[in-house]
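[1] For reference, the sequence and a predicted model appear below.
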Amino acid sequence: MFLVPQGTGILAVILHELDYQFNGLHVISYILWLLMIALLLGMLAIYTARCVVFLRDVIGSLQHDISETACLTSICISYISIIQMIQLPMIAALSVAAGGGTISKSASISPQIQVPAIIVSYLCIGIGLPLAFALDVLFWARLLDRSLPDKQHTVQDMILCGPWGQALQVLGSVVLSDSFADYTRGTFLTAQTAGAVGYTSIFAGLLY
């Protein structure tokens with residue numbers, strides 16, 4: 001039964017990375033990804049209930065039926081598909097944020113267009129930031145594990161220089177310009193808050 005979420009997850013990754021894209025294909029891949037997560041959780045709940053109710057039968061199957069043991073590896077494969085799809089929306093979100101900051105800084109656009117682009121860019125950073133922190137922990141763990149060759153450690157160091165640090169610095173510099181002062185909406189998008197937001201954003205980007 002774990003082959004069902006495994007196949008659904010693999011199909012979601014393939015559709016997301018397919019070279020021949022059409023409008024809506026990414027949405028279909030996300031739907032399949034969510035369906036795979038639901039299927040995997042459902043199958044795990046059913047298998048756990050089976051282990052609780054029929055523990056002796058499960059142990060006997062694992063000892064004597066190789067297909068029972070082999071199919072349990074589909075759980076790990078499904079989990080890998082979940083991680084792959086999480087990483088691909090993360091990269092897209094952080095790249096969008098960096099692009100939004102660059103356009104807001106370089107293009108001659110009005111504050112009425114510039115400030116909404118800044119807000120959307122910060123929202124994209126909020127989407128990708130927790131995932132980036134999680135992956136950074138994994139990278140540092142492997143970096144401290146000296147079982148890998150030195151050249152691979154260098155590559156991992158470069159991976160840590162991701163787009164979100166650049167995005168935070170660019171967005172901070174844009175906020176420190178007169179965009180908030182010219183926009184002036186509500187209590188947050190004003191000249192009084194521009195300094196705090198801008199310098200905090202630049203400092204956070206430098207820390208990364």
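    Done, it's in. Residues are numbered from 1 along each chain as shown.

[2] So which residues make contact with stretch 29-42?
    The set of residues external to stretch 29-42 that reach it, using CB atoms under 8 Å, 6 or more residues apart in numbering, is 2, 4-5, 8-9, 11-13, 15-16, 75, 78-79, 81-82, 85, 89. C-betas here are computed from N, CA, C, even on glycine.

[3] Tell me the helix or strand right after the lowest-mean-pLDDT helix or strand in the chain.
    Within the chain, confidence by mean pLDDT, DSSP states H and E is lowest for helix 150-159 among all helices and strands, at a mean of 50. On the C-terminal side of helix 150-159, the closest following helix or strand by DSSP states H and E is helix 163-174.

[4] quick check: mean pLDDT across that following helix?
    For helix 163-174, the mean pLDDT works out to 77.

[5] which residues are in contact with it?
    Residues external to helix 163-174 that are found in contact with it (CB under 8 Å, 6+ apart): 91, 94-95, 97-98, 100-102, 104-105, 114, 118, 121-122, 125, 128-129, 132, 197-208.

[6] sorry, back to before: for PyMOL, write the select line for the buried members of the contacts of stretch 29-42.
    Command for PyMOL that selects the buried part of these, burial taken from 16 or more other CB atoms under 10 Å:
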select buried, resi 2+4+5+8+9+11+12+13+15+16+75+78+81+82+85+89
